[in-house]
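Chemist: Sequence and predicted structure, then a few things I'm wondering about:
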Amino acid sequence: MADSKKTITKESLSKILAERIKGLTQCIVVDISGGCGSAFDIYLVTKEFEGVSLLERHRMVQGVLKEELEEIHALTMKTWTPEQWEKKKSKIPKEVLEA
C-alpha cells in the first residue's frame with residue numbers, strides 16, 4: 001500500500017503488480033522519472049487479458065494500483081496477452097527487456 005512518505009520504486013511497483021494481478025507471466029517496470037518515483041512505463045502480460053478490451057485492461061491495472069496512483073504522476077501501460085507478447089516483444093528496446 002502506498003504511504004505518502006514513501007517513494008514508489010520500480011522494484012516496489014513490480015512486486016505490487018505481481019502480487020495483485022493474477023497469472024502475470026511478464027512484469028517489466030521501467031522508471032522514467034529520473035529516480036523520483038513519479039513516472040513509470042509498465043509492460044504486463046497475462047492470460048487474464050484475453051477477451052478484455054484495452055480500456056478494461058487499463059482499468060484493471062488502475063484498480064489494483066488505486067492507492068499507489070496517488071503517488072505516481074505518470075504511468076504508461078502495455079497490457080498484453082501471451083500471444084500479443086510473442087508478436088510484440090521483438091520491438092521492445094533491449095534495455096527495457098533487461099530492466
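Modeler: Right, received. Where do you want to start? Numbers count the residues shown, from 1 in each chain.
Chemist: show me the contacts for the spatially most central residue of the chain.
Modeler: Nearest residue to the geometric centre of the chain (Cα atoms, centre = their mean): I42, 3.3 Å. Contacts for I42 (Cβ atoms under 8 Å, 6 or more residues apart in numbering) come out as L13, L17, C27, I28, V29, V30, V61, L75, T76, M77, K78. To be clear about C-beta, it is placed using only N, CA and C from the backbone, and glycine gets the same treatment.
Chemist: which helices and strands does the worst-scoring helix or strand of the chain on mean pLDDT pack with?
Modeler: Using mean pLDDT, DSSP states H and E, the weakest-scoring helix or strand in the chain turns out to be helix 94-97, at a mean of 83. For helix 94-97, the elements it packs on are strand 24-31, judged by 3 or more Cβ pairs under 8 Å, 6 or more residues apart in numbering; DSSP states H and E.
Chemist: Please state the offset of the strand it packs on from the chain centre?
Modeler: Computed by Cα atoms, centre = their mean, to the nearest Å, the chain-centroid distance of strand 24-31 equals 6 Å.
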